[in-house]
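1. Here is a sequence with its predicted model. Questions after.
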2 protein chains.
Amino acid sequence: MRKIDLTSFNIATSDTVRNINRRIILDLIRTRQPVSRADLARISGLQRSTISLITEQLLTEQWIMQGALGHLPRGRKPRFLHLNVERAGIIGVNVRPSGTTIALANLNAQFLAHESFPTDANADVFIRDLSERLRAFIKLHRQIYIEGVGVSIPGRVDSISKRIVFAPNLGWRDVDLQTPLERATNLLVEIENAANACALAEIWFDKRSDGIQDLIAVTVSEGIGTGIIANGQLLRGANGIAGEFGHVSIDESGPLCNCGNRGCWEVFASNTAAINEYVNAAASNGNSRRQNNQFESDKPSFDDILHLSEQGDARAIATIERMANYLGIGLSMLISGMSPSMIVVIGEVTRVWKRIEPIIKKVLNARLQGSLMVTRIIPAEDSLQPRLRGSMALILQNHFGAPLIA
Amino acid sequence: MRKIDLTSFNIATSDTVRNINRRIILDLIRTRQPVSRADLARISGLQRSTISLITEQLLTEQWIMQGALGHLPRGRKPRFLHLNVERAGIIGVNVRPSGTTIALANLNAQFLAHESFPTDANADVFIRDLSERLRAFIKLHRQIYIEGVGVSIPGRVDSISKRIVFAPNLGWRDVDLQTPLERATNLLVEIENAANACALAEIWFDKRSDGIQDLIAVTVSEGIGTGIIANGQLLRGANGIAGEFGHVSIDESGPLCNCGNRGCWEVFASNTAAINEYVNAAASNGNSRRQNNQFESDKPSFDDILHLSEQGDARAIATIERMANYLGIGLSMLISGMSPSMIVVIGEVTRVWKRIEPIIKKVLNARLQGSLMVTRIIPAEDSLQPRLRGSMALILQNHFGAPLIA
DNA sequence: AGCATATAATTCGCATCTCGAACAAATTCC
DNA sequence: GGAATTTGTTCGAGATGCGAATTATATGCT
């Protein structure tokens, strides 16, 4: 049971009831479509008469559409309802150091269009660039009514001021991205940390999380980020900077991290860590790097290491297995502490899931005494663009989420 | 915004509105009493007419009482309303290895009576003993209508089956305490982990947590427990076994823990850890323990160490300072990961808060780069019985918490 | 073809709730 | 004693869900 926040609560009025039921029905249609009014009455427990009134409202507001007739062994055929995916589009923006993607999706979070461009290292230049491209992008699709713009950022976002506090891999500090984008697009703009966005994508768009109210998304890339859904809601913490489990030390005597501490989880289990490990192993193996330089730069990319491991390169395999071991150690911390129903791992490393999963499982079983392990660990398809879709969930939430009550 | 759980939601009916507003008003009266109807209208934003109807209902149901008249510079004097603390009592039970306490409190969580007795090591014997004592306790106060019984347990409680999964310090596994107690008392019985209970006590009864929806309670005793409030609600996790941050390893090469892993937080920062450290330091100091035995048993109690440190004993001070250091390390993990608005520390060690606070602060500042530290760390008065009051909050929640909607 | 049966969807009177204006009650100041 | 002010209640209007009755539509048996 939740405590009422007496410093900020919402009283109920007569239309609160409709608001609640409307959102339930709309979300039911979204997830179970196509579905008939009679079905909705049975699933929801509302009277058929009430369903008729609510669906009538949703129809006139164009949120839903009537479709074909269903087939039944006997009796009048039901008229199917489904989401009017063309009612509105949502723009998602995924900012990463290597490049930025803008995408347009319908209400089912299916992509209609997308484009990518390099991310300028300078925040001001980037903001001007992105604003310009967004304006052009919207103009290009001006036949579609756009609901808002969601942006995912690899860094900490203050949940109140919506400013980017710090994005280490972009080198940005205290950047206001929201205000200029809102001015440029004249649309609702929401900014969120990438790991949080991934967590949102998981509960909003993935069937695997049906009925789950507690999950953690772990993004493994240059660093490690964690997005926590607690009781069906993003855990933001004071100033919205929760989720830095990547900077918890798992070994006090470990190597120094950029954050100033020693032995942070991401120093052992991130892509960057794997690259360093691979290079160090090569050096200590007596191989001059000059002789053995099959990579474009002097260091391999993480993709290179993945490829090598898939081709059976022993050193690459050892590197990946070490990474899996440390991923398991960090995950055991999350499970001990929060025991989520599900942990979703996002990142290039999921490409070799078959190799790393048994290692992660072994570490977890050793550390959590097996019997207590109720958390499902699953990889997220990177091709499904969790960061992008999660940023879209930020906008969709406003229509399909639970209303703020009491 | 919360996602609607489509596998378990609650539709709204016409009386949902009243239910919501009623709970807001009742909780406002609880926390702001004495308060007039006009005040409630101003605070809540509801119309005065609506307040009159709701308070009339609360009056007839005896939840509240009319009190004295207020004083105003001009105009009709307001009639104060306050909680009818005599309407119902709540029984709280605090089970610890050293002893069990039963207490009766009114709706303000003020104690009316209490009694303590030794905790039998055998679960079955204990259950019979507690059942017997509860029956007698209820009979003794039969003039008071009792709302329910809340029990706090130093161990993991399955949030669905309500069974005690494992209580290491009691040596109990898979014990059903709820069913026999409900049978014995014929009352609603709720069971909860001690750290979770402390967290509940903090948000329900402590003014310091006004407006706070994210906090962590850290109980430091034989082991270390963590109770997490996320978005105003207890974080239970799958099977309700969240909160075992005490068993996260902070040093892979540290000493072995009972849980089977190495270097768990509680191996460094619990009372037990301090006792072991003190004894080891004594041994390595060349003092034969036989010569230096000022304690009742062969080991000092944690209380002994606290006393010694207060008297200036160098070894005790060093032990406490080491403990403070490790407390800081664990807290930095919690803050990095969840960034709660507040962390409450519960345990005997808070008696020397003045000594340990600067050390904890120093560790946190070093590890969290100071600027990001928005979490308040506060000690909880052990004399306020947070475990006991928290177990009472379990029952109170049902009347004063937010209703389950959507 | 006609009727019974079954299912879907709508209609309508009723109860509940909040709102907001009007009104009654109580108190102070001039 | 009257004006001003604040508290608290009353009452009609509007919104909502409920549930029974009604209408619409389909299948299958005789």
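-> Happy to help now that I have it.
2. how close does whatever residue of the stretch 251-400 of chain A ends up closest to DNA strand D sit to residue A:387?
-> Here the stretch 251-400 of chain A gets closest to DNA strand D at one residue, residue A:399, 16.1 Å apart by CB to the nearest atom of the strand. Every residue, glycine included, has its C-beta placed from N, CA and C. Between residue A:399 and residue A:387 the distance is 21 Å, computed by CB to CB, to the nearest Å.
3. With residue A:105 instead?
-> Noted for residue A:105: a distance of 13 Å to residue A:387, by CB to CB.
4. For the two, work out which one has more neighbours and name it.
-> residue A:387 (32 against 23; other CB atoms under 10 Å in any protein chain shown).
5. so who does the more buried one touch?
-> By CB atoms under 8 Å, 6 or more residues apart in numbering or on different chains, the residues touching residue A:387 are A:94, A:96, A:152, A:194, A:197-198, A:201, A:219, A:346.
6. How about residue A:28?
-> Neighbour list for residue A:28: A:35, A:40, A:43-44, B:6 [criterion: CB under 8 Å, 6+ apart].
7. one more time with 6 Å
-> Applying CB atoms under 6 Å, 6 or more residues apart in numbering or on different chains, we find residue A:28 in contact with residue A:40.
8. chain center to the strand or helix carrying it: distance?
-> Assigned by DSSP states H and E, residue A:28 falls within helix A:14-32. With CA atoms, centre = their mean, to the nearest Å as the basis, helix A:14-32 stands 24 Å off its chain's centre.
9. in that helix, what counts as buried?
-> Using 16 or more other CB atoms under 10 Å in any protein chain shown as the test for burial, helix A:14-32 gives A:16-17, A:19-31.
10. and what of stretch A:260-280?
-> By neighbour count on 16+ other CB under 10 Å, the buried set for stretch A:260-280 is A:261, A:263-279.
11. One more: stretch A:49-58?
-> Those would be A:50-51, A:54-55, A:58, for stretch A:49-58 by 16+ other CB under 10 Å.
12. and which of those is nearest DNA strand D?
-> Checking the buried residues of stretch A:49-58 against DNA strand D by CB to the nearest atom of the strand gives residue A:50 as the nearest, at 3.8 Å.
13. Please name the nearest non-neighbouring residue to that closest one.
-> residue A:21 (7.0 Å; CB to CB, 6 or more residues apart in numbering or on different chains).
14. Residue B:12 is in contact with that neighbour, correct?
-> Yes - using CB atoms under 6 Å, residue A:21 makes contact with residue B:12 at a distance of 5.4 Å.
15. Beyond the helix or strand residue A:276 falls within, next helix or strand please.
-> Using DSSP H and E, residue A:276 sits within helix A:271-284. Where DSSP H and E defines the elements, the next helix or strand beyond helix A:271-284 is helix A:302-310.
16. what's the average pLDDT for that following helix?
-> Averaged across helix A:302-310, pLDDT comes to 95.
17. between it and helix A:271-284, how many degrees?
-> Here the directions of helix A:302-310 and helix A:271-284 differ by 60 degrees (axes from the mean of the first three to the mean of the last three CA atoms, to 10 degrees).
18. elements contacting whichever helix or strand comes after helix A:302-310?
-> Reading on from helix A:302-310 to the C-terminus, the next helix or strand found by DSSP H and E is helix A:314-338. For helix A:314-338, the contact count by 3 or more CB pairs under 6 Å, 6 or more residues apart in numbering or on different chains; DSSP states H and E identifies helix A:265-269, helix A:271-284, helix A:302-310, helix A:353-368 as packing neighbours.
19. Give me the phi and psi for whichever residue of the stretch 251-400 of chain A sits closest to chain B.
-> Using CB to the nearest CB, the closest approach of the stretch 251-400 of chain A to chain B is made by residue A:339 at 3.1 Å. Residue A:339 adopts backbone torsions of phi 40, psi 50, taken as degrees, to the nearest 10.
20. if I pick it, what's in contact with it?
-> Applying CB under 6 Å, 6+ apart, we find residue A:339 in contact with B:237-238, B:241-242.
21. would you turn those into TSV with distance to chain A and secondary structure?
-> What follows is the contacts of residue A:339, written out as TSV (distance: CB to the nearest CB, whole Å; DSSP: H, G, I helix; E, B strand; the rest coil):
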residue	distance to chain A	secondary structure
B:237	3	coil
B:238	4	helix
B:241	5	coil
B:242	4	coil
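22. Out of the residues you listed, which is nearest to residue A:320?
-> residue B:238 (28.4 Å; CB to CB).
23. Next, count neighbours for the closest one.
-> The number of residues near residue B:238, taken as other CB under 10 Å, comes to 23.
24. Which SSE is immediately downstream of the helix holding residue A:28?
-> Following helix A:14-32 in sequence order, the next helix or strand is strand A:35-36 (DSSP H and E).
25. got a list of contacts for that following strand?
-> A:29, A:70, A:78, A:80-81.
26. Over to stretch A:230-242?
-> Residues from elsewhere that reach stretch A:230-242 (CB under 6 Å, 6+ apart): A:156, A:158-159, A:196, A:213-214, A:228, B:2-3, B:214, B:230-231, B:233, B:235, B:338-341, B:374.
27. mean confidence score for it?
-> For stretch A:230-242, mean pLDDT is 89.
28. For chain A, what lies in contact range of DNA strand D?
-> A:14-15, A:17-18, A:21-22, A:45-50, A:53-54, A:69, A:72-77 (CB under 7 Å from any atom of the strand).
29. Can you list the low-confidence ranges for chain A?
-> A:285-297, A:370-372 (pLDDT under 70).
30. now do 50
-> A:288-292 (pLDDT under 50).
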